[in-house]
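> Return atomic coordinates for the entry below.
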Amino acid sequence: MDQRDPRRDEHRDAARDEARDEARDDVKKQEQKEARHKAHHEEKHAEDVNREEHAEREHEVRASAASEESADHRDHAEFAEDEEYAAELDSEARSKTNVRRIGLIVACCIMLVLLGTALGVGMFVANGLQPVEAQDREVRIKIEPGMTSAKIAHLLEEHGLIRSEFVFRYYLKVKGEGSRFQAGEYLMKPGMELDEMIAMLNRGDTVKEPTIKFTIPEGYTIERIADKLAEEKIVDRDVFLEMAAKTDLYDSEYVKEIPADENIVHALEGYLFPETYEMRAGSTEQEIIQRMVSELSRKLAQLPEDWPLRLEELGLTFHEMLTIASLIEREAAVDAERPLIAGVIYNRLKQDMLLQIDATVQYALGEHKEVLLIVDTEVDSPYNTYKVKGLPPGPIASPGLESIRAALYPAETSYLFYVTKKDGSQEHLFAETYQEHLRNIELSKSQ
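Down below sits the predicted model:
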């Protein structure tokens, strides 16, 4: 049997106890260490928690501050927007106010301009209606035949008798005046009222100056006209014929068409219209000729409007037509026969026959013979239609309006001949054939 050593056991027990105690101490130390560690960990955890909480609170504070700042910013932005909108409204309101103000100013300006214009026009018209400054002198003005009221107004202003031709024309229009003004020469004094001048022009209170009055019968040649006017102490015969040769002195579209033919004896033959004239005493030969030439133009205006077209249809110039009219004038004494004689002339021209008109022989002879001899018809002259076919170089006398009308509108017949009755009626017998013409000659002798 194994005997144990008590001391060894004690020692072993002591060692075991000591080991146990150490173990216990180690455990305890470990526990303390773990406790410290745990406490430290918990403390650290608490610190972390505290830091997190602090961070969260700080974040919340920052978030809150940011939120407040954002809110403030939004509020500020909204406020800015409100201010901008308000500014826009205010600007729009101011703009509308400015527009209204400008519109009002413009309207006022326009009204002022219109008012000023109306006032100016009114003053202009009122001034124009007043007579000019009175003067102790007379002004002579000449109202030409056919002169319009506008031209008369211009003439009055030009001579210092009215202030404004525009106002005078307006005044005439308002009063319905101006259509009864009479041509002539007037003596007016500066300072006359407008109504005085209008009444004077309506009455024809012209200057009563000495005048000359003369009559040119139809069918007169230019030399017979010169003789007649010279006998009446109105012109100098030679001066008259000299002035009649200068066609460029006269204002007439028809005179300008006279051909430059050396065979024409007198250039203005036929162009001095036969009429009764009254002219200012002392009128010159040129003025008298111009008056007679102008009368031709006035008389032509009494013809149908298509008469220039008739010239084209007939294939004639104005000079040729006037030549035919002069032949009719010298051959016809009865107006009703003028178109018939015109028809005979045209028919003979178409058939290339000699016209054999006695009046052309008389013109060629330079004298008027009641009875022509055979020898007279043999005179060598381009005007002698017994020897020269066609028309003479120009008119042989001054034709009247009815002869001109007949030359333009001849009767359409087949007549080629005519003979004057011997009964004093100055009528003619017309024939289509030569045999019939011979019978008419015998018949005319017995009448």
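> Distance of residue 441 relative to residue 428?
11 Å (CB to CB, to the nearest Å). All C-beta atoms are positioned from the backbone trio N, CA, C, and that covers glycine.
> Name the residues contacting each of the two.
Taking CB atoms under 8 Å, 6 or more residues apart in numbering as the contact rule, residue 441 and residue 428 both touch residue 419.
> Any stretches of the chain with poor pLDDT?
Regions of the chain meeting the criterion pLDDT under 70 cover residues 1-99, 115-125, 447.
> let's go with 80 and repeat that
Where the chain drops to pLDDT under 80, the residues are 1-101, 103-104, 106-109, 111-128, 209, 368, 370, 446-447.
> quick one, strands of it?
With strands called from DSSP state E, the chain shows them at 139-143, 184-188, 211-215, 276-280, 417-420, 428-431.
> now these as a markdown table including distance to residue 335 and mean neighbour count?
Below are these laid out as a markdown table (distance: least, CB to CB, whole Å; neighbours: other CB atoms under 10 Å):
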| stretch | distance to residue 335 | mean neighbour count |
| --- | --- | --- |
| strand 139-143 | 35 | 15 |
| strand 184-188 | 33 | 17 |
| strand 211-215 | 19 | 13 |
| strand 276-280 | 18 | 12 |
| strand 417-420 | 15 | 19 |
| strand 428-431 | 13 | 20 |
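> For my notes, please list the ones you listed in JSON lines and give distance to residue 313 for each entry.
Shown next, in JSON lines, are those (distance: least, CB to CB, whole Å):
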{"stretch": "strand 139-143", "distance to residue 313": "40"}
{"stretch": "strand 184-188", "distance to residue 313": "41"}
{"stretch": "strand 211-215", "distance to residue 313": "34"}
{"stretch": "strand 276-280", "distance to residue 313": "33"}
{"stretch": "strand 417-420", "distance to residue 313": "24"}
{"stretch": "strand 428-431", "distance to residue 313": "24"}
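> Going by neighbour count, list what's buried in stretch 308-320.
311, 314, 316, 319-320 (16 or more other CB atoms under 10 Å).
> Check those and tell me the two furthest apart.
Farthest pair in those (CB to CB) is 314 and 319. Separation: 12.9 Å.
> so which of the strands of the chain comes closest to residue 365?
Closest approach to residue 365 among the strands of the chain (CB to CB): strand 417-420, 19.0 Å.
> Quick one: residues in contact with the closest one.
Under CB under 8 Å, 6+ apart, the answer for strand 417-420 is 340-341, 344, 426-434, 436-437, 440-441, 444.
> Tell me which strands that strand pairs with, and in which orientation.
The strands beside strand 417-420 in its sheet (DSSP bridges) come out as strand 428-431 (antiparallel).
> chain center to the strand it pairs with: distance?
Chain-centre distance of strand 428-431: 56 Å, with CA atoms, centre = their mean, to the nearest Å.
> Next, name the residue at the spatial heart of the protein.
Of all residues in the chain, the one closest to the mean position by CA atoms, centre = their mean is residue 150, 16.5 Å from it.
> which residues does that residue contact?
Residue 150 touches 165, 169, counting by CB under 8 Å, 6+ apart.
> Please enumerate the helices of this protein.
6-129, 149-158, 165-175, 194-203, 222-231, 237-244, 285-300, 307-314, 318-331, 338-350, 358-365, 401-408, 434-446 (DSSP state H).
> Quick one: residues contacting residue 212.
The neighbours of residue 212, taking CB under 8 Å, 6+ apart as the test, are 234, 278-281, 283.
> 6 Å instead, please
234, 279, 281 (CB atoms under 6 Å, 6 or more residues apart in numbering).
> measure the last one to residue 182 for me?
Yep, that's residue 281 we're talking about. Going from residue 281 to residue 182 by CB to CB gives 20 Å.
> The second one now?
If you measure residue 279 against residue 182 using CB to CB, the figure is 17 Å.
> Next: the first one.
In this view, residue 234 and residue 182 are 25 Å apart by CB to CB.
> quick one: which of these two has more around it?
Taking other CB atoms under 10 Å, residue 234 and residue 182 do not tie; residue 234 has more neighbours (19 against 14).
> Would you quantify the distance from the more buried one to residue 320?
Distance, residue 234 to residue 320, using CB to CB: 32 Å.
> shouldn't residue 328 be in contact with residue 341?
Yes - using CB atoms under 6 Å, residue 328 makes contact with residue 341 at a distance of 5.3 Å.
> Compare those two and say which is more crowded by neighbours.
Legend: neighbour count by other CB under 10 Å for residue 328 and residue 341, higher for residue 328 (30 against 27).
> Which residues lie in contact with the more buried one in this structure?
338, 341-342, 403, 406.
> So what's the residue count around residue 205?
The number of residues packed near residue 205 is 14, by other CB under 10 Å.
> ok, it - contacts?
Contact analysis of residue 205 by CB under 6 Å, 6+ apart lists nothing.
> That one and residue 169, how far apart?
From residue 205 across to residue 169, the span is 21 Å (CB to CB).
> do the same with residue 207
25 Å.
> Repeat that for residue 311.
According to CB to CB, residue 311 stands 39 Å off from residue 169.
> give the contact list for the nearest residue to residue 400 once chain neighbours are set aside.
Of all residues not flanking residue 400 in the chain, residue 218 sits nearest, at 3.9 Å (CB to CB, 6 or more residues apart in numbering). Listed by CB under 6 Å, 6+ apart, the contact set of residue 218 reads 274, 329, 400.
> What about the residues you listed, which one has the most neighbours?
Neighbour count (other CB under 10 Å) singles out residue 329 as the most crowded of the contacts of residue 218, with 28 neighbours.
> Surely residue 169 and residue 153 touch.
Yes - counting by CB under 6 Å, residue 169 sits close enough to residue 153 to count as a contact (4.9 Å).
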